[in-house]
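> here you go, sequence then predicted model.
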Amino acid sequence: DRSSHPSLEEVKKINQNIKFKLSNIQTKEILISNNFDFKNLNEFYFQWELLNDGHRISEGKINKIDIEPHESKKVKINIPEIIQDGETYLNIYAKRKNNYMLVPKDYTVAYEQFYIGGHVKSKGNKNYKGKIKVFENEKSIDLIGKSFKISFNKKNGELQEINYGKQNILLEGIKANFWRSPNDNDYGYNMSSILNVWKKASNNQILKTLQVKNYQEEGVEVKSKYLIPDIDGSIEIKYTISSDGKINVTTTLSDISSSLPMLPKFGTNFIINKKYNNVKWYGRGPHENYQDRKTSSLVGIYESKVSELYYPYIRPQENGNRTDTRWLILSDSEGKGIIIETGETFEFSAHHQLNNDFDGGNIKYRKQATDLKRPIIHTTDIVERPLINLNIDYKQMGVGGDNSWGRKPHKKYQIKADNLSFSYSISPYN
C-alpha cells in the first residue's frame, strides 16, 4: 500500500542536509551546518526544547538563520540554566517556513537530540518497612504483604501470580529468552540455523533448584536456577520482593563457552492480562528502533496501545522493539497496572501475539530457488490473541542491513556468548 516502513525514518534522519553539533553547552551555542548544494537555510525556522526526565521545561524559536550552502555557523540559543536533578536533553528541529512543492509548511526536515547530563529519577513506589508472610505447600510458595500477593510455582520455579489488590496480572511467568524471530536480513546469513542453539536454549530449561529466604523487614528472596543442556550452561532468575510489593528481577547466565555463537538477544519474556493494554514509556520512540537503527528515535515519553506497537511487515518477523528505555508502564482503563524500571536502560516489546507467531522457522520452505529458503507465512497469518506478550530485554542484536544476502550485524551490535546478567524491577502503578 506504499506506506513507509519504520526504517524509512532512519534513512531520512541519516541523510538530512542540515546537521547540528552541540558546540559549547556553557556558552549555549549550537553549530548548524548547511549540506544543501543550493538552498540557504533562511528557508527554514528552528525550534528547540529542553526536556527533564522526558518533560518539556523550556522551549524557544529562531525565526531567521542565514547560512549559505556548504557553510556552517554557531548559533546561540536562549536555554535556561540546566537543572541538576534528573536527566536533561536538548532537542532542535528545522522546519519549513512555507509550502515548497510537496513539502508543506512547518514540516520537520531535520532534527537532533543532545544529552546534557544527569540521571533519570525513579517513578516506582518508595520502600516502606513491613513484614511479608511466607506460606508453602506442595505446589506453591505464596508471599503475602499488606496489599499484594506474589506466588511461585514449585514445579517449574516460575513466578505464577502478581496480585496488587485487583487480580492476578500474570498469565504466564517470567522465562529467560535468547531468541528473536528472524528478520529478512537474518535469513540472508541463515541465522535460523547457525544460531538455532539459542532457540533451543530458550525452550529447554530444566529446574535444578528453587530456594526461598525470608529476610523479614528486608524482604524475601526467591532463586530459581535452571540447567540449559543445549548450551551446557545455566540460568538463574533471582526475585527479591520488598514489603511494598516491588519485585527486583535479576537474570544471570552462567557457565557459557566462548565457542558458542552470538546471542540473538538476552532477556526475559512473560505474558500478562490483555486489559493492561495502555503503554507509556520513557525511552526511544515513537516508532520501533534497534541498537543499530535508533538515531531517528529521540529519547522522550511516549504513549500507545499495545496493538499500535506491532508493525505488520509483509513477511512476519521481529518487530516493535524499543531501545534505551528508562521505565515502562502498562495500565488498564482505570490507570492501574505495573511499572518496570532499571538502574540503567533496557529494551522492550509488547504484542497481542506470541513471539513464535512471528517466527517463520527454517523448515517449511518454498520450492523455488529464487525465494532464498524463506518460509511460507504472511501478514494475514497473524491473529490477535487475548493476551499481552511482554519482552523485557537487556539487549537484542542489531537488525543488520549492509546487505540481505550474507552480512551479519556489525560486531559492535552483536551479543557475544559470555556470562551475562541484568536486572529490572516490577512495581504496582496507580
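Structure's in. What do you need?

> please count neighbours and contacts with C-alpha atoms only from this point.
Noted.

> can you tell me the centre-most residue of this protein?
Centroid check for the chain by Cα atoms, centre = their mean gives Glu347 as the closest residue, at 2.5 Å.

> mind checking the SS state of Tyr311?
coil (DSSP: H, G, I helix; E, B strand; the rest coil).

> circling back to that earlier point, burial count for the residue nearest to the residue nearest to the centre of the chain when sequence neighbours are not counted?
Distance criterion Cα to Cα, 6 or more residues apart in numbering; nearest residue to Glu347, sequence neighbours excluded, is Thr323 at 4.4 Å. Thr323 is flanked by 26 other residues according to other Cα atoms under 10 Å.

> tell me which element Thr323 falls in.
Element membership for Thr323 (DSSP states H and E) is strand 322-331.

> return that strand as PDB; C-alpha atoms alone will do.
C-alpha atoms of strand 322-331 as PDB (Å, rounded to 0.1, in the frame of the first residue of the first chain):
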ATOM      1  CA  ARG A 322      12.100   0.000  21.600                       C
ATOM      2  CA  THR A 323      15.600   0.700  23.000                       C
ATOM      3  CA  ASP A 324      17.100   2.800  25.700                       C
ATOM      4  CA  THR A 325      14.000   2.500  27.900                       C
ATOM      5  CA  ARG A 326      14.200   4.000  31.400                       C
ATOM      6  CA  TRP A 327      10.800   3.000  32.600                       C
ATOM      7  CA  LEU A 328       7.700   1.300  31.100                       C
ATOM      8  CA  ILE A 329       4.100   1.400  32.400                       C
ATOM      9  CA  LEU A 330       1.300  -1.000  31.400                       C
ATOM     10  CA  SER A 331      -2.100   0.000  32.800                       C
END
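
> who does that strand touch, helix- and strand-wise?
strand 278-285, strand 337-351 (3 or more Cα pairs under 8 Å, 6 or more residues apart in numbering; DSSP states H and E).

> just the helices in the chain please.
7-14, 184-188, 191-194, 196-203 (DSSP state H).

> need those helices in TSV with mean neighbour count, can you?
Listed next are these as TSV, based on neighbours: other Cα atoms under 10 Å:
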stretch	mean neighbour count
helix 7-14	15
helix 184-188	21
helix 191-194	17
helix 196-203	19
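
> out of these, which comes closest to Leu210?
Nearest of the helices of the chain to Leu210, taken as Cα to Cα: helix 196-203 at 18.9 Å.

> avg pLDDT for that closest one?
Regarding helix 196-203, the rounded mean pLDDT is 97.

> output the below-cut-off pLDDT ranges for the stretch 51-200 of the chain.
124-128 (pLDDT under 70).

> what about the strands in it?
All strands of the stretch 51-200 of the chain, identified by DSSP state E, counting those that start in this stretch, fall at 55-62, 72-76, 88-96, 108-117, 133-136, 140-144, 149-153, 159-163, 170-177.

> in JSON lines, list these along with distance to Ile272 and mean neighbour count.
Shown next, in JSON lines, are the strands of the stretch 51-200 of the chain (distance: least, Cα to Cα, whole Å; neighbours: other Cα atoms under 10 Å):
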{"stretch": "strand 55-62", "distance to Ile272": "29", "mean neighbour count": "15"}
{"stretch": "strand 72-76", "distance to Ile272": "49", "mean neighbour count": "16"}
{"stretch": "strand 88-96", "distance to Ile272": "33", "mean neighbour count": "20"}
{"stretch": "strand 108-117", "distance to Ile272": "34", "mean neighbour count": "17"}
{"stretch": "strand 133-136", "distance to Ile272": "24", "mean neighbour count": "14"}
{"stretch": "strand 140-144", "distance to Ile272": "19", "mean neighbour count": "19"}
{"stretch": "strand 149-153", "distance to Ile272": "14", "mean neighbour count": "20"}
{"stretch": "strand 159-163", "distance to Ile272": "10", "mean neighbour count": "22"}
{"stretch": "strand 170-177", "distance to Ile272": "4", "mean neighbour count": "20"}
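
> indicate which one of the ones you listed is closest to Leu420.
strand 170-177 (11.8 Å).

> okay, that closest one in PDB with CA atoms only?
In PDB, the C-alpha atoms belonging to strand 170-177 read as follows (Å, rounded to 0.1, in the frame of the first residue of the first chain):
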ATOM      1  CA  LEU A 170       0.200 -12.700  35.000                       C
ATOM      2  CA  LEU A 171      -1.000 -15.300  32.500                       C
ATOM      3  CA  GLU A 172       2.500 -16.900  32.200                       C
ATOM      4  CA  GLY A 173       5.500 -16.300  34.400                       C
ATOM      5  CA  ILE A 174       9.000 -14.900  33.600                       C
ATOM      6  CA  LYS A 175      11.300 -17.000  31.500                       C
ATOM      7  CA  ALA A 176      14.800 -16.400  30.200                       C
ATOM      8  CA  ASN A 177      14.800 -15.800  26.500                       C
END
